[in-house]
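**Student:** Need coordinates for the below:
(one chain, ligands or ions: 2)
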Amino acid sequence: MATTTTITSVATILTDIQDRTDTTRVYYGSGGYRMSRPVLTGSDAKKTFDSIPTVDVANIYSSDLEVRRAIAREVAKACEEVGFFYAVNPPVSYEKMDAGLEIVKTFFRLPSEELLKLHVDNSQGVKGYLPFKFKDGSNRRASYSLGRDYTNPEQHFVTVAPPGTVSVNQWPEESLPEFRKVIYEYYQDVFQFARKMLQIFALALGLEETDLDEIFRYPLNDITMQYYPIQDLNEQSSISPHADYGGFTLLYQDQVGGLEVLNANGIWVPAPPKEHAYVVNTGSYMEVLSNGRFPATVHRAFGNTFCERFSLPFFFNPDPNSIIVPHPKLVAAGEKSAFESQNVSRRQIKGLMTNRPDHPFFKRLRELGLKEEDLTFDLVSKPIQDIVAMGS
Ligand SMILES: O=C(O)CCC(=O)C(=O)O
Ligand SMILES: [Fe+2]
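**Tutor:** Ligands and ions are numbered 1, 2, ... in the order given. Below is the predicted model of the structure:
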């Protein structure tokens, strides 16, 4: 891998649609927002990465702080230069990783009438099944997501749901009853791993190991499984260029390949699969927390013409009650940060409203014309009659 400097300058949120014609920038989505970054070419081109680095995380639980710091140094280098790395030897049961991916495959092969019963339109939190179609009606890609849900006892880190709390997750209880158990078994392991990686990220930023824990105490965890069917050459199934909006992502992908990462000079670098390794990448909240040191790198993914592809990302996102600003220890005295503070709760709900303008729940929210300060993430688990009362 080439030695590098930090990949790009700060991303800007697009306000003007005309901006998208600028060929010196790359345009992408992040959490329902349209963003752009410069692509450096010609004399502006930088030394940048041409492959994805690997970090061995076998010793992240070592009792020796120096061992943990050594891993953190590698993570820091990867995050500054690339924004992506493979975590090999993760502390997640390989059986659970395999079982998770296997049941994802079984899930997406269920009859489409069973899958459509779980359509995201039924969930106030936009969780469940979402097919993406080509013009001819054939499947381009499909996803299934589950998120933070007070009513799921498996998420025992969240306190007991108050009476009347609405469930956001949907499960194939009849068509694939073991799905929930297998996925939650995997979830518990990968969540633990994420909590530990957060401490490694803190060390990587030169902070105390537990300095970021508070912001992720009750994290907005999310799993959005992706299914890329076999496609014709001219109709490739894909996820378009985006940067993950959250804290960081722990992606387990099958052995097919199709993920690509954009370097500073606008070249798409493949991130081919490695068995039982995670692809780890930082999201836009980490970009802010790190005061721009760990940028959220743009990536995309493709299906192909010879076999189906499946991926199983775990998104580790801050507590909705947190406000994200650059960590004070990372802002020099007198420095004005390039980042505005971000209210996670409001950003999440507004991102969903923008991303899903036709979703029945968000249509309803718009009609109710709630005040800005009432647009908080708890709306997704509130009974609709309580929300209607807020609007009147
Ligand atoms: O399927 C993949 O490899 C990538 C998925 C992804 O980038 C996402 O879900 O945010
Ligand atoms: Fe992504």
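**Student:** could you say what helices and strands the longest helix seen in the chain packs with?
**Tutor:** Longest helix in the chain, counting residues (DSSP state H): helix 179-204. Contact here means 3 or more Cβ pairs under 8 Å, 6 or more residues apart in numbering; DSSP states H and E; on that basis helix 179-204 packs against helix 65-81, helix 94-108, strand 248-253, strand 278-282, strand 309-316. Bear in mind the C-beta positions are built from the backbone N, C-alpha and C, glycine included.
**Student:** Ends of stretch 371-381, what's the gap?
**Tutor:** The first residue of stretch 371-381 is 18 Å away from its last residue (Cα to Cα, to the nearest Å).
**Student:** Please shift the residue numbers so they start at 609 in all later answers.
**Tutor:** Sure, I'll start counting at 609 from here, so that last one is stretch 979-989.
**Student:** what separates that stretch from the chain centre, distance-wise?
**Tutor:** Relative to its chain's centre, stretch 979-989 lies at 21 Å (Cα atoms, centre = their mean, to the nearest Å).
**Student:** State the mean pLDDT of it.
**Tutor:** In this model, stretch 979-989 carries a mean pLDDT of 92.
**Student:** any idea how far residue 868 is from the nearest residue to residue 647 once chain neighbours are set aside?
**Tutor:** Using Cβ to Cβ, 6 or more residues apart in numbering and skipping the chain neighbours, the partner closest in space to residue 647 is residue 874 (3.7 Å). From residue 874 across to residue 868, the span is 12 Å (Cβ to Cβ, to the nearest Å).
**Student:** residue contacts, the residue nearest to residue 647?
**Tutor:** Shown in contact with residue 874 (Cβ atoms under 8 Å, 6 or more residues apart in numbering): 634, 647-649.
**Student:** will you turn the residues you listed into TSV that also has secondary structure and pLDDT?
**Tutor:** Shown next, in TSV, are the contacts of residue 874 (DSSP: H, G, I helix; E, B strand; the rest coil; pLDDT from 0 to 100):
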residue	secondary structure	pLDDT
634	strand	80
647	coil	80
648	coil	79
649	coil	77
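**Student:** Can you show me the helices along the protein?
**Tutor:** Listed in chain order (using DSSP H), the helices of the chain are 673-689, 702-716, 720-724, 787-812, 892-897, 952-963, 968-976, 992-999.
**Student:** Point out the most buried one among those helices.
**Tutor:** Counting by mean count of other Cβ atoms under 10 Å, helix 892-897 has the highest mean neighbour count of the helices of the chain, with a mean of 26.
**Student:** before we move on, the earlier item: and the residue nearest to residue 647, how close does it get to ligand 1?
**Tutor:** Look at residue 874 and ligand 1: by Cβ to the nearest ligand atom, to the nearest Å, they are 18 Å apart.
**Student:** residues from the stretch 809-958 of the chain in reach of ligand 1?
**Tutor:** 832, 834, 847, 852, 859, 861, 867, 907, 909, 919, 921 (Cβ under 6 Å from any ligand atom).
**Student:** and the least confident of those residues?
**Tutor:** The minimum pLDDT among those falls on residue 847, with 88.
**Student:** That residue: what's it in contact with?
**Tutor:** 749, 834, 908-909.
**Student:** For residue 641, name its beta-bridge partners.
**Tutor:** residue 638 (DSSP bridges).
**Student:** burial count for the residue in the stretch 659-808 of the chain that ligand 1 sits nearest to?
**Tutor:** Closest contact between the stretch 659-808 of the chain and ligand 1, by Cβ to the nearest ligand atom, is at residue 751 (7.4 Å). By other Cβ atoms under 10 Å, the residues close to residue 751 number 19.
**Student:** Residue 832 is in contact with that one, correct?
**Tutor:** Yes. Between residue 751 and residue 832 a contact is recorded at 5.3 Å, counting by Cβ atoms under 8 Å.
**Student:** and residue 690, how many residues sit next to it?
**Tutor:** Close neighbours of residue 690, defined as other Cβ under 10 Å, add up to 26.
**Student:** Ignoring the adjacent residues along the chain, who's closest to it?
**Tutor:** Nearest non-adjacent residue to residue 690, counting by Cβ to Cβ, 6+ apart: residue 657, 4.7 Å away.
**Student:** check contacts around the residue of the stretch 759-908 of the chain found nearest ligand 1.
**Tutor:** Closest approach of the stretch 759-908 of the chain to ligand 1 (Cβ to the nearest ligand atom) occurs at residue 867, with a separation of 3.8 Å. With contact set as Cβ under 8 Å, 6+ apart, residue 867 has these partners: 859, 861, 878-880, 887, 907-909, 919.
**Student:** Now tabulate the residues you listed in TSV and tack on neighbour count.
**Tutor:** Converted to TSV, the contacts of residue 867 look like this (neighbours: other Cβ atoms under 10 Å):
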residue	neighbour count
859	24
861	23
878	13
879	23
880	15
887	23
907	24
908	16
909	22
919	23
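**Student:** Mind putting those residues into TSV with distance to residue 932?
**Tutor:** TSV is the format used below for these (distance: Cβ to Cβ, whole Å):
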residue	distance to residue 932
859	22
861	28
878	31
879	26
880	32
887	23
907	21
908	25
909	26
919	26
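**Student:** ok, back up a step: for the residue of the stretch 759-908 of the chain closest to ligand 1, give its distance to residue 951.
**Tutor:** On the measure of Cβ to Cβ, residue 867 and residue 951 end up 31 Å apart.
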